[in-house]
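> what follows is a predicted structure for the sequence shown.
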2 protein chains.
Amino acid sequence: METASLTIGTFGHGCVGQGFLELLNAHGGTAAYVKHVCVKERGRERMIGNAALTYEAFDILGDEQVGVIVELTNDPTLGFELIKHALNSGRHAITASKRVVAENLAALIALQRATGRTLLYEASCAASIPVVRTLETHFSGEEVLRIDGILNGTTNYILTKAQEEDVPPGTALRQAQKAGFAEADPTSDLSGDDTRYKLVILIAHAFGTVLAPCGILRHGIEELEAEDIAFGSERGWCVRLVASAYRSPEGKLVAHVLPTFVPVNDPFAFVRNEYNAVRIEGAHSGTHFLQGRGAGRLPTGLAVLSDVQQLLQGGGYAYAKVNVRAPEPSFGDQRILVYARIPATHQELLALFDKVRSLESSADAMRVVGWITLSELSLLLGDGRDGFQVVALPHLSEQNNG
Amino acid sequence: METASLTIGTFGHGCVGQGFLELLNAHGGTAAYVKHVCVKERGRERMIGNAALTYEAFDILGDEQVGVIVELTNDPTLGFELIKHALNSGRHAITASKRVVAENLAALIALQRATGRTLLYEASCAASIPVVRTLETHFSGEEVLRIDGILNGTTNYILTKAQEEDVPPGTALRQAQKAGFAEADPTSDLSGDDTRYKLVILIAHAFGTVLAPCGILRHGIEELEAEDIAFGSERGWCVRLVASAYRSPEGKLVAHVLPTFVPVNDPFAFVRNEYNAVRIEGAHSGTHFLQGRGAGRLPTGLAVLSDVQQLLQGGGYAYAKVNVRAPEPSFGDQRILVYARIPATHQELLALFDKVRSLESSADAMRVVGWITLSELSLLLGDGRDGFQVVALPHLSEQNNG
């Protein structure tokens, strides 16, 4: 119950940086304070309270009083450098960047172990849902069988609007940008890359396996059409972009990010707009469901603040499962049931399906429902082929085909 | 990331004690081990692995190696004594007893502050949902506006069976006891006392206010009849026993435990059988929803194990909001909308309602829907009057009457 005091240097003062500082200043009780805020762009007015504004990284890195670097830039290369520098110079670090963590996770774990310093990144995954901390503390002694998540607020907002109000994706995207929770460049959101970074982080804490992002099959909603949504609606399903990781019958780790049809009475169907949710299946403790705002200035700022609180209490991540009980990744031989819309000109690709359950053809496209392995699905989708859209079906894996 | 090792002495080896030991032994990675298990009843065969069985508390309390007391007895007087002894002798303590914590919370916080030792009790609230830890770490810098919970697995099991399968409460109770998550004596579950203990704990961590359990209005499901359930079913509602705490328009803290009608599309309606759930409304971060198993040997054992993990990482509860920003309790002048079944012989009690919305009378009973203050509701219910049943309506408070 003893708390030290922390002097913080923050890099970046965009959406999340502003939210973090606003909450920290509003929250009188904490023994942490931000001494410097370092930004790139000169000449903009900024609300930074009592902190000193600087454009020079060294003003923070060279200040011996600064014990914590809070990395909230939008530059993954710089972000990684700052975190490394922080840990190597005896400081702790906090970041909100899923990309920096996911792309360098093995190195960042090794660096924490070597330096004895802590990196925290609760804000990087599902913003205001404390899922990393929950996996670290509550599930460190529990075998996780499966984890599924709606982890991207922007795509979930677009899908909700498209599903419920027939709003075209472009319009919904602009609404989300205006509301302050979608990036100016939404490519990483729509492609599923953003979700995949988050899944890499969840997998490390849930299963102990440290994957490279590119090792996970992902397909986004860039090609999703009204007819795909309608295919689901007719069957009582709505579409969500779902990240999943689970153990195969052989004990291997299967992971993918796919648009997924969920029954309208499934808890995921109630996750609307920018909300995120995570469902964790524990071997002994059953199903856990966590839901909260997955984007936005204050929800994400709150997650950064919660990392500061955790540092004040002195705890880093234990990574209890990493290299101890971690399952190996599967080779892509897991079969899943999907709906696929394929251009009529690519009839030869139907051979990739192990088993076709139904097939409808029009002049333009074929709509297939069938079983396919993840590696064949990867072949089918290529590297973002135009006119292809796949949506996983409620009974995702062979195991659950009951 | 450094972890010490912990030597544990456990008191009690019932349902939760067995689950805890089973999970600790199955989970090779932890640096904690149970040296002694102290039990009351002699002569029963017990699976305690390498631990030494004893019937003498002093074998644990007198062993200097023991750094952590895990209190899993069913005796609240003994439990409190053991925890006090642990903290006063320089040890940490873990308990699963909501009653010990709720009835002695102010003293236990003071004792932790005085001794610098830690008491953890994640298992005491909603078993496998890490809600105490989530409130402590994630919401310590966030204003909580409202918290609602389904916190008792036994009553939720009974209500689910009654609602969905017309199973009489007594039969459902016996099923729950057989499945190992209902107490042999269910009085505290059915009366709402058990839920109220848990609400006291949640309020302390969510709002910072430390209430005595008896200061919270509670009404259970002991008198709930099929006709009350039917009243809700006809309107698209199902019954859950809900603990609620929220800020009144004047900034006071309102708290109650009441059977509550929830719309069938409300997330609480999907919380079935022994599952528990907690909904937290944050001022900045919006609505959070946590769901998981609320009872049972392994889910509860997992929560105890997670406290051990937290001790290994060195963190106690900070109680950041206690005595700092805690709202005062309201005086019972908050009005809520309820359904009440009142014996026909007590017509005079209708005067307690501020506003009656509807009234149906039969030879035996009156069924009222109306607004009533919490203090008048307390008068109406007396101390468990026969034949009275109140169920709160979906629009609980005046604020939400929209």
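The structure has been received and is ready for your questions.
> just the helices in the stretch 251-400 of chain A please.
Secondary structure of the stretch 251-400 of chain A by DSSP state H, counting those that start in this stretch: the helices cover A:297-313, A:374-381.
> deepest of those helices, which one?
The highest mean neighbour count among these, using mean count of other Cβ atoms under 10 Å in any protein chain shown, belongs to helix A:297-313: a mean of 27. Where C-beta positions appear, they are placed from N, C-alpha and C, glycine not excepted.
> which parts of the stretch 101-250 of chain A are helices?
Using DSSP H, counting those that start in this stretch, helices in the stretch 101-250 of chain A cover A:105-115, A:131-137, A:153-165, A:169-178, A:187-191, A:193-206, A:226-233.
> of the ones you listed, which shows the lowest average pLDDT?
Across those, helix A:169-178 has the smallest mean pLDDT, namely a mean of 86.
> now it: how far from the chain's centre is it?
20 Å (Cα atoms, centre = their mean, to the nearest Å).
> which residues make contact with it from outside it?
A:153-154, A:157-158, A:161-162, A:167, A:182-184, A:186, A:221, A:224, A:274 (Cβ atoms under 8 Å, 6 or more residues apart in numbering or on different chains).
> tell me which of the helices of the stretch 251-400 of chain A sits nearest to chain B.
Ranking these by proximity to chain B (Cβ to the nearest Cβ) places helix A:297-313 first, at 3.7 Å.
> report whether the closest one contacts chain B.
Yes - on the criterion Cβ under 8 Å from any Cβ of the partner chain, helix A:297-313 is in touch with chain B at A:298, A:299, A:301, A:302, A:303, A:305, A:306, A:308, A:309, A:310, A:312, A:313.
> could you find the closest non-adjacent residue to residue A:301?
Residue nearest to residue A:301 in three dimensions, not counting chain neighbours: residue A:19, with 2.6 Å by Cβ to Cβ, 6 or more residues apart in numbering or on different chains.
> related to what we said a few turns ago, let me have the residues of helix A:297-313 next to chain B in a markdown table, adding pLDDT as columns.
Converted to a markdown table, the residues of helix A:297-313 next to chain B look like this (pLDDT from 0 to 100):
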| residue | pLDDT |
| --- | --- |
| A:298 | 91 |
| A:299 | 92 |
| A:301 | 94 |
| A:302 | 93 |
| A:303 | 95 |
| A:305 | 94 |
| A:306 | 93 |
| A:308 | 94 |
| A:309 | 89 |
| A:310 | 90 |
| A:312 | 88 |
| A:313 | 82 |
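> domains in chain A, by residue range?
Under the assignment automatic domain parsing, the domains of chain A span A:6-127+A:297-313, A:331-402.
> quick one, strands of the stretch 1-150 of chain A?
A:6-11, A:32-38, A:52-54, A:68-71, A:92-95, A:119-120, A:144-150 (DSSP state E, counting those that start in this stretch).
> adding mean pLDDT and mean neighbour count, write these out as JSON lines.
JSON lines is the format used below for the strands of the stretch 1-150 of chain A (pLDDT from 0 to 100; neighbours: other Cβ atoms under 10 Å in any protein chain shown):
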{"stretch": "strand A:6-11", "mean pLDDT": "96", "mean neighbour count": "23"}
{"stretch": "strand A:32-38", "mean pLDDT": "94", "mean neighbour count": "21"}
{"stretch": "strand A:52-54", "mean pLDDT": "93", "mean neighbour count": "14"}
{"stretch": "strand A:68-71", "mean pLDDT": "98", "mean neighbour count": "26"}
{"stretch": "strand A:92-95", "mean pLDDT": "98", "mean neighbour count": "27"}
{"stretch": "strand A:119-120", "mean pLDDT": "98", "mean neighbour count": "26"}
{"stretch": "strand A:144-150", "mean pLDDT": "97", "mean neighbour count": "23"}
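> make a markdown table out of these and add distance to chain B.
A markdown table is the format used below for the strands of the stretch 1-150 of chain A (distance: least, Cβ to the nearest Cβ, whole Å):
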| stretch | distance to chain B |
| --- | --- |
| strand A:6-11 | 13 |
| strand A:32-38 | 10 |
| strand A:52-54 | 22 |
| strand A:68-71 | 14 |
| strand A:92-95 | 11 |
| strand A:119-120 | 10 |
| strand A:144-150 | 12 |
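> would you list those in a markdown table and tack on distance to residue A:324?
Output for the strands of the stretch 1-150 of chain A, formatted as a markdown table (distance: least, Cβ to Cβ, whole Å):
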| stretch | distance to residue A:324 |
| --- | --- |
| strand A:6-11 | 31 |
| strand A:32-38 | 32 |
| strand A:52-54 | 42 |
| strand A:68-71 | 28 |
| strand A:92-95 | 24 |
| strand A:119-120 | 19 |
| strand A:144-150 | 13 |
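> which of those sits closest to residue A:23?
Among the strands of the stretch 1-150 of chain A, the nearest to residue A:23 by Cβ to Cβ is strand A:32-38 (11.2 Å).
> could you check the angle helix A:297-313 makes with that closest one?
Calculated by axes from the mean of the first three to the mean of the last three Cα atoms, to 10 degrees, strand A:32-38 forms an angle of 120 degrees with helix A:297-313.
> got the contact list for strand A:32-38?
Around strand A:32-38, the neighbours that count as contacts under Cβ under 8 Å, 6+ apart are A:5-13, A:17, A:21, A:24, A:46, A:48-57, A:59-60, A:63, A:65-66, A:68, A:70, A:308, A:311-312.
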